[in-house]
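Colleague: any chance you can model this:
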Amino acid sequence: MTDPVSRTILLLDIERFSDRDDVEQAYLRRMLYDIADRTLESAGIDETRRLRADRGDSVMELIDANTPVTALLRALLTEVPAQLRTVNRMASSSAQIRLRGVLATGYVAVDKHDGWVGSDLNHACRLLDADVLRAALRERTADFALCVSDALYSGVVRHDHPGIPAADFHPVTVASKNGPLKAWLHGPVPAGAAEAAEADGKDHGDTGAGEAPGGSGDRPAPRVPAQDGSQERVPAQGTPADRVPSSGAPEERVPAQGTRRDRPAPDGTRGAPAPGTVFNFNGGSSSFGGSLVGGDQHGVSGGQVTGDVNLGGTERGDGA
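Modeller: A predicted model of the protein is given here:
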């Protein structure tokens, strides 16, 4: 194996390559190689200053570190989109080509099998496969999405060279088995990417992510028989108990015998508390977003409204 040498690493990958048939894949590969060659040539990088490796649906280039990265970045931001527009303008819908790209720097060695070895290269490949980069391309009308490594951003992009506006690059975090990787995405960050990065690897047990065991937002509060034969709704925490006689006529709301007004809702089927936010109203009228809630409002649990509801002085009960 050779000694590790500082390189500029360029990766280009075809979106939805595996969805195409063999004929279409062969065509897309030709277009990928043609676009990569034209882009590198426009940056002044000839074949003697780079090594290429084929990954089927993508291509990897190891470029001489003495080549100006600014020229390559300008070519990626201008030449690649222009080439894609030219190709796709004349191609059928099944032969449209869209690319994800990563530009990074680092040390890479070449072994006796012409294989490339280096953690910096591994990190670049993880950026290429990152969900945030895939989502960025999927949400855009443009046919190219580019991400640069944190080291390349710090060394080149942040200095705002002509043709490389630093303000157009935004920080993203990519999860990997070796820990989070910071990178910089050119163009808008896809919706939800920041929240997904923060939530990655965290325990969601208390954050509301997913459904608690036995919980369901559509489940109504259970009913238990009252002593007078009516159906009593077990209240949510801090809510008065509400008894509705079987006749449907309104009656004074009183706590069930042997219970407290602030008794919590019963456990779910597997011991989980009933889901949802609990409000405690102790008399008076309540207002939500400018709308007044007057009188006694009872029986709201799990997204279900039951019992007699008085709205603006008009009473509707028994399905009337």
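
Colleague: how about low-confidence regions in the stretch 51-200 of the chain?
Modeller: For the stretch 51-200 of the chain, the stretches with pLDDT under 70 are 194-200.

Colleague: just the helices in it please.
Modeller: 69-90, 119-128, 131-139, 150-155, 193-199 (DSSP state H, counting those that start in this stretch).

Colleague: mind putting the ones you listed into a markdown table with mean neighbour count and distance to Leu103?
Modeller: C-beta here means a position set from N, CA and C on the backbone, and glycine is covered the same way. What follows is the helices of the stretch 51-200 of the chain, written out as a markdown table (neighbours: other C-beta atoms under 10 Å; distance: least, C-beta to C-beta, whole Å):
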| stretch | mean neighbour count | distance to Leu103 |
| --- | --- | --- |
| helix 69-90 | 17 | 6 |
| helix 119-128 | 20 | 8 |
| helix 131-139 | 19 | 12 |
| helix 150-155 | 17 | 6 |
| helix 193-199 | 15 | 19 |
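
Colleague: rebuild the ones you listed as a markdown table, extending it with distance to Lys182.
Modeller: Conversion of the helices of the stretch 51-200 of the chain to a markdown table gives the following (distance: least, C-beta to C-beta, whole Å):
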| stretch | distance to Lys182 |
| --- | --- |
| helix 69-90 | 18 |
| helix 119-128 | 10 |
| helix 131-139 | 12 |
| helix 150-155 | 4 |
| helix 193-199 | 10 |
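
Colleague: looking at the ones you listed, which is closest to Gly44?
Modeller: helix 69-90 (5.7 Å; C-beta to C-beta).

Colleague: now for that closest one, which elements pack on it?
Modeller: strand 5-14, helix 22-42, strand 99-110, strand 144-149 (3 or more C-beta pairs under 8 Å, 6 or more residues apart in numbering; DSSP states H and E).

Colleague: I'd like the average pLDDT over the first one.
Modeller: Same thing as strand 5-14. Strand 5-14 comes out with an average pLDDT of 96.

Colleague: what sits up against it?
Modeller: Applying C-beta atoms under 8 Å, 6 or more residues apart in numbering, the contact partners of strand 5-14 are 28-29, 32, 35-36, 40, 55, 57-65, 67, 69, 72, 76, 97-109, 120-121, 124-125, 128.
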